[in-house]
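Enquirer: My questions concern the predicted model and sequence given below.
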Amino acid sequence: MSLPAFPKWHDKHGKTVACTEKVKVMQENMTELFQTAQDAFEDALLMGCDESQVRQFLLQMMNHLENPYE
């Protein structure tokens, strides 16, 4: 189990987010999210759920995130 490499984060205009603290928070949040998703995925498999169905649902959840700042 390994987290993918972090990208260089960009703002909505394509400019790199250079603030060290912002990048640190992003990395911490993404690491926590990954670990939570990994734990839920493993639990689902241990309970006998179909791997491909669980993966598909996790993708759907990410696609349903809403931007409250628009």
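Expert: The structure has been received and is ready for your questions. Numbers count the residues shown, from 1 in each chain.
Enquirer: other SSEs contacting the helix or strand containing Q56?
Expert: The secondary structure element spanning Q56 is helix 51-63 (assigned by DSSP states H and E). Helices and strands touching helix 51-63, as assessed by 3 or more C-beta pairs under 8 Å, 6 or more residues apart in numbering; DSSP states H and E, comprise helix 20-46. For every residue, glycine as well, the C-beta is placed using N, CA and C.
Enquirer: Quick check: mean pLDDT of the helix it packs on?
Expert: Across helix 20-46, pLDDT averages out at 97.
Enquirer: how far out from the middle of the chain is that helix?
Expert: Using C-alpha atoms, centre = their mean, to the nearest Å, we find the averaged C-alpha position of helix 20-46 to lie 6 Å away from the chain's own average C-alpha position.
Enquirer: Can you give me the buried ones in that helix?
Expert: 41, 44 (16 or more other C-beta atoms under 10 Å).
Enquirer: give the contact list for K22.
Expert: In this structure, K22 makes contact with W9, judged by C-beta atoms under 8 Å, 6 or more residues apart in numbering.
Enquirer: so how far is N63 from it?
Expert: Plainly put, K22 is 24 Å away from N63 if you go by C-beta to C-beta, to the nearest Å.
Enquirer: My read is that Q27 contacts F6, right?
Expert: Yes - between Q27 and F6 there is a contact under C-beta atoms under 8 Å: 5.6 Å.
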